[in-house]
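1. A predicted structure for the sequence below; I have some questions about it.
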Amino acid sequence: MKTAVLILPTYNESGNIVTLIEAIEGVFPNITGYQFHILVVDDYSPDGTAELVERLNKKHKNITILSKKKEGLGAAYIFGMRYALKHFNPEMLIQMDADWSHNPHLLPKFVQKIEQGADLVVGSRYIAGGSIPGNWGIHRKIYSIVGNTFVRL
């Protein structure tokens, strides 16, 4: 059995984290050949996100929560990846945002691509089939479009 670690950075995600983790846990049985761990990297959310994850850990023993000072999303991903590589020795790392901007129901397709030989699988709202979430405010949509254009250039 291969090991995969899904990294979820959080900051004030108490409104999303329970339903997101339950959705992710619901997808795992559809992916064979892997033992999945969820690694939540919380930046000391003042809204109780960590406490909700700790409660979920009583139901789902494959959840680990780490708390660290707030340094931004990128730093949280790096922190989580380093921890995962050291403690789980995974064959696969998966990263998702905790605000539902990444659809957990697509995880089987991503894993399938890896199993077919891909070294890296990236989901993007800027490719065929992708879209900017409808609940995003106009300013966030503009930042996303401008930022993506800048990176491409």
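-> Done, it's in. Residues are numbered from 1 along each chain as shown.
2. What about K2? Give its phi and psi, please.
-> In terms of degrees, to the nearest 10, the main-chain angles of K2 are phi -80, psi 160.
3. Surely it and G33 touch.
-> Yes - K2 lies in contact with G33 (CB atoms under 8 Å); the separation is 5.9 Å. Placement of C-beta: from N, CA and C, glycine included.
4. So if I had to pick from those two, which one is more boxed in?
-> Neighbour count, other CB atoms under 10 Å: between K2 and G33, K2 has more, with 13 against 10.
5. Dig out what the more buried one forms beta bridges with.
-> For K2, the beta-bridge partners are Y34 (DSSP bridges).
6. Contact partners for it?
-> G33, Y34, Q35, P90, E91, M92 (CB atoms under 8 Å, 6 or more residues apart in numbering).
7. among the residues you listed, who's most crowded?
-> Most surrounded of the contacts of K2: other CB under 10 Å gives P90, at 20 neighbours.
8. Let me know whether that one touches T3 as I believe.
-> Yes - the pair P90 and T3 passes the contact test of CB under 8 Å, sitting 4.5 Å apart.
9. quick one: common contacting residues for those two?
-> Listed as contacting both P90 and T3 by CB under 8 Å, 6+ apart are H37.
10. rewinding a little: among the contacts of K2, which two are most distant?
-> G33 and P90 (13.1 Å; CB to CB).
11. now the contacts of K2 as CSV including pLDDT and distance to Y44?
-> Formatted as CSV, those follow (pLDDT from 0 to 100; distance: CB to CB, whole Å):
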residue, pLDDT, distance to Y44
G33, 95, 36
Y34, 96, 30
Q35, 97, 29
P90, 97, 25
E91, 96, 31
M92, 96, 28
